[in-house]
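>>> sequence first, then the predicted structure:
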There are 2 protein chains.
Amino acid sequence: MQTTLDCLPCFMRQALYTARLATNSAELQKKILTQAAHLLPELDLNLSPPENSVALYRMIAETAGRPDPFANLKNESNQLALELEPLIRQRINNAHDPLAFAIKFAIAGNIIDYGAHHDFDARQAINSCIEQQLVINDYKELRREALAAKSILYLADNCGEIVFDGLLIEQLGPKKVTMAVKERPIINDALLADARKCGLDKICTVISNGTDCPGTPLHNCSEEFQEQFHNADLIISKGQGNFETLSNSKAPLYFLLTAKCPVVVDHVNEIAEGDKKAGLGDMVLLRAGEPR
Amino acid sequence: MQTTLDCLPCFMRQALYTARLATNSAELQKKILTQAAHLLPELDLNLSPPENSVALYRMIAETAGRPDPFANLKNESNQLALELEPLIRQRINNAHDPLAFAIKFAIAGNIIDYGAHHDFDARQAINSCIEQQLVINDYKELRREALAAKSILYLADNCGEIVFDGLLIEQLGPKKVTMAVKERPIINDALLADARKCGLDKICTVISNGTDCPGTPLHNCSEEFQEQFHNADLIISKGQGNFETLSNSKAPLYFLLTAKCPVVVDHVNEIAEGDKKAGLGDMVLLRAGEPR
């Protein structure tokens, strides 16, 4: 999907939030906001929002001299998710349909996104998500394709959330799954180090997509990743950033996300078939690509 | 109060909202957002947010070729308030303390602010405000000063809201009240034409403050207004914009507002004495100036 004018105030909001995370210097914060304002007119609205955000986050990291302003938040969310893991695994294993339940937890885990929302109580958010129904729910198709697939590429999103991704991967059959994370720090997206901290490397293959984009801009990804992407029988894409960069893909791909911004909500609804429409905060399981 | 870094994303958000009101052309909307981004680094953070917003709104009006993008919304809010007026006047007259009740309605009327919040149901907002208590409430002092005052300057804020201001002015004693509105169109602020449409000119003297600033930047106001300001026994200031521009004033001045932005909430709490603190959406009646 393309960047809209609505994304521009949001980029400024993200710049301010990240500037305050990255530095306590009021002078540097002001410099970052000024430089962010200068960047806005340079953005290419034909690119997706995550692609446009790369320059913004790189500028903030450089100006503040902090290559990874979200490092502490990422560690905290990994830690929090690891604490919740045994309880959630138990709930999944006790469920009538463990795969369906694991999917729901993996989508609920997507609430842990420091890039879009900053005030949250992860436990409460996860509990309330479990009570929510998926408003767009291509579960039957996903289940069928997942059982038939010999190789699944799983596009991770954020730290913390990857722990719940691991529980879903356990249900999908970890031997056939490759998880892809980001190459270098960007917002709170999971890196190889996070996958290791959360034990993902012990249950499946983990690779990087080769970028520091908070999504999957295919043409910028590493050759290794592109090969995996093109050869996988099934791709599972987590979160808004991967959706924003892959929404026009024709690959055998399912988007699992919580819709956290109005622009994403609109685009989800453009793609979804049928009458059911997502609203802000709704959980979505959506088949991309060719008509089913 | 000064402009903070939090105001910068908000200016972009206001620019987008106003651009869409002002023109249907996607090209012009983009041009407006681009020019807004160019303006941000030029702002003087030592000035108040309303003073900084003047250049932004002028640029939008010029670029879109629409000197008054809020014209329709202003007419609608005047109309809506005039429809509610007889009912509210009756409720005020039946109240145990009509002045206190009229103040509450006048503050509730401040919800009708298209500049800060765009989705609202005025009737519902007003009803729920009536149920709310003023969290900071210098009513006793205001009542005493208002009874003693021989001249009251009433700084109006928005269209629609001025109808409720009129009901408060009826309680204050309209003969001693002068209402000040804005000289030229800015957001949804009331102008002389609005005061006339809403019948304010029939109950009290109405003047303009000489500016197109969504507040009262005293040094930029007309001589006539400044004279009124310095000579009034009491000044009643409605809304955030007037508060933002006059928060450091030592005049015998009361702020009546609904706190709609976190920056204003913080500044209200800096000024307020005592333990009670305002939160977002709270209604406030706050004495400015010298200690009581």
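Great, that's in hand.
>>> pull out the buried positions in stretch A:52-72.
A:52-54, A:56-57, A:59-61, A:63-64, A:66, A:68-70 (16 or more other C-beta atoms under 10 Å in any protein chain shown). In short, each C-beta sits where N, CA and C put it, glycine included.
>>> before we move on, what about stretch A:26-34?
For stretch A:26-34, the neighbour count (16+ other C-beta under 10 Å) marks A:28, A:29, A:31, A:32, A:33, A:34 as buried.
>>> mind listing residues that contact the helix or strand hosting the last one?
What that stands for is residue A:34. Using DSSP states H and E, residue A:34 sits within helix A:26-39. With contacts defined as C-beta atoms under 8 Å, 6 or more residues apart in numbering or on different chains, helix A:26-39 is touched by A:11-12, A:15-16, A:18-20, A:22-23, A:55-56, A:59-60, A:63-64, B:5, B:8, B:37-38, B:40-41, B:45.
>>> if you set the cut-off to 7 Å instead, what comes out?
With contact meaning C-beta atoms under 7 Å, 6 or more residues apart in numbering or on different chains, helix A:26-39 is reached by A:11-12, A:15-16, A:19-20, A:23, A:55-56, A:59-60, A:63-64, B:5, B:8, B:37, B:40-41.
>>> any chance of the buried residues of stretch A:52-72 in TSV, with distance to residue A:86 and secondary structure too?
Shown next, in TSV, are the buried residues of stretch A:52-72 (distance: C-beta to C-beta, whole Å; DSSP: H, G, I helix; E, B strand; the rest coil):
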residue	distance to residue A:86	secondary structure
A:52	39	helix
A:53	35	helix
A:54	36	helix
A:56	38	helix
A:57	34	helix
A:59	41	helix
A:60	36	helix
A:61	35	helix
A:63	41	helix
A:64	37	helix
A:66	34	coil
A:68	29	coil
A:69	31	coil
A:70	26	coil
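>>> as a markdown table, these with distance to residue A:232 and pLDDT would be great.
Shown next, in a markdown table, are the buried residues of stretch A:52-72 (distance: C-beta to C-beta, whole Å; pLDDT from 0 to 100):
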| residue | distance to residue A:232 | pLDDT |
| --- | --- | --- |
| A:52 | 27 | 98 |
| A:53 | 26 | 98 |
| A:54 | 25 | 98 |
| A:56 | 30 | 98 |
| A:57 | 28 | 98 |
| A:59 | 34 | 98 |
| A:60 | 33 | 98 |
| A:61 | 32 | 98 |
| A:63 | 38 | 98 |
| A:64 | 37 | 98 |
| A:66 | 35 | 97 |
| A:68 | 29 | 98 |
| A:69 | 33 | 97 |
| A:70 | 29 | 96 |
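>>> which one of the residues you listed sits closest to chain B?
Lowest distance from chain B to the buried residues of stretch A:52-72 (C-beta to the nearest C-beta) belongs to residue A:56, with 12.2 Å.
>>> give the contact list for that closest one.
For residue A:56, the contacting residues are A:11, A:15, A:36, A:39, by C-beta under 7 Å, 6+ apart.
>>> quick one: which of those has the most company?
In terms of neighbours by other C-beta atoms under 10 Å in any protein chain shown, the contacts of residue A:56 top out with residue A:36 at 29 neighbours.
>>> point to the helix or strand of chain A where mean pLDDT is at its lowest.
One helix or strand of chain A scores below all others by mean pLDDT, DSSP states H and E: helix A:122-131, with a mean of 69.
>>> neighbouring strands for the helix or strand following it, and are they parallel or not?
As assigned by DSSP H and E, the chain's next helix or strand after helix A:122-131 is strand A:136-137. Its sheet considered, strand A:136-137 pairs with strand A:283-287 (parallel) by DSSP bridges.
>>> could you pull up the mean pLDDT of the partner strand?
Averaging pLDDT along strand A:283-287 yields 94.
>>> same thing with stretch A:235-251?
Rounded mean pLDDT across stretch A:235-251 is 96.
>>> what is the neighbour count of the nearest residue to residue A:164 once chain neighbours are set aside?
Of all residues not flanking residue A:164 in the chain, residue A:109 sits nearest, at 3.4 Å (C-beta to C-beta, 6 or more residues apart in numbering or on different chains). Look at residue A:109: counted by other C-beta under 10 Å, it has 32 neighbours.
>>> of all the contacts of residue A:56, which comes closest to residue A:179?
residue A:11 (28.4 Å; C-beta to C-beta).
>>> for that closest one, what are its contacts?
By C-beta under 7 Å, 6+ apart, residue A:11 lies in contact with A:36, A:40, A:53, A:56.
>>> quick check: the two most widely separated of those?
A:40 and A:53 (11.5 Å).
>>> hey, where'd the helices end up in chain A?
A:7-22, A:26-39, A:49-64, A:71-94, A:98-108, A:122-131, A:139-148, A:161-172, A:192-197, A:223-231, A:239-246, A:262-271 (DSSP state H).
>>> the third one versus helix A:239-246: what angle between them?
Here helix A:49-64 runs at an angle of 120 degrees relative to helix A:239-246 (axes from the mean of the first three to the mean of the last three C-alpha atoms, to 10 degrees).
>>> so residue A:103 makes contact with residue A:167?
No. Residue A:103 lies out of contact with residue A:167 (C-beta atoms under 7 Å); the separation is 9.9 Å.
>>> close enough to count as contact, residue A:235 and residue A:252?
Yes. At 6.4 Å, residue A:235 and residue A:252 qualify as touching, with contact defined as C-beta under 7 Å.
>>> more neighbours: which of those two?
residue A:235 (28 against 18).
>>> can you tell me how far the nearest residue to the more buried one once chain neighbours are set aside sits from chain B?
Leaving out its chain neighbours, the residue that sits closest to residue A:235 by C-beta to C-beta, 6+ apart is residue A:253, at 4.2 Å. Using C-beta to the nearest C-beta, to the nearest Å, residue A:253 is found at 30 Å from chain B.
>>> list the residues that contact residue A:253.
If a contact means C-beta under 7 Å, 6+ apart, then residue A:253 has A:235, A:237, A:246, A:288, A:289 as its contacts.
>>> now for those residues, which pair is the farthest apart?
Across those, the longest distance by C-beta to C-beta is 10.9 Å; it joins A:237 and A:289.
>>> those two: which has the busier surroundings?
It is residue A:237, of residue A:237 and residue A:289, that has more neighbours when counted by other C-beta under 10 Å, with 27 against 15.
>>> distance check, the closest residue to the more buried one other than its chain neighbours against residue B:254.
Closest residue to residue A:237 apart from its sequence neighbours, by C-beta to C-beta, 6+ apart: residue A:155 at 4.5 Å. In this view, residue A:155 and residue B:254 are 57 Å apart by C-beta to C-beta, to the nearest Å.
>>> buried residues, stretch A:136-151. List them.
Going by neighbour count (16+ other C-beta under 10 Å), the buried part of stretch A:136-151 is A:136, A:137, A:138, A:139, A:142, A:145, A:146, A:149.
>>> how much space between the fourth one and residue A:56?
Read it as residue A:139. For residue A:139, the distance to residue A:56 (C-beta to C-beta) stands at 35 Å.
>>> same check on the second one?
Distance check for residue A:137 against residue A:56: by C-beta to C-beta, it reads 34 Å.
>>> touching stretch A:138-150 from outside, list them.
Contacts for stretch A:138-150 (C-beta under 7 Å, 6+ apart): A:99-100, A:103, A:152, A:172, A:176, A:233-234, A:252, A:254, A:285-287, A:292.
>>> next, format these as JSON lines and append distance to residue A:198.
Shown next, in JSON lines, are these (distance: C-beta to C-beta, whole Å):
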{"residue": "A:99", "distance to residue A:198": "20"}
{"residue": "A:100", "distance to residue A:198": "23"}
{"residue": "A:103", "distance to residue A:198": "18"}
{"residue": "A:152", "distance to residue A:198": "18"}
{"residue": "A:172", "distance to residue A:198": "17"}
{"residue": "A:176", "distance to residue A:198": "20"}
{"residue": "A:233", "distance to residue A:198": "25"}
{"residue": "A:234", "distance to residue A:198": "22"}
{"residue": "A:252", "distance to residue A:198": "26"}
{"residue": "A:254", "distance to residue A:198": "22"}
{"residue": "A:285", "distance to residue A:198": "23"}
{"residue": "A:286", "distance to residue A:198": "26"}
{"residue": "A:287", "distance to residue A:198": "27"}
{"residue": "A:292", "distance to residue A:198": "33"}
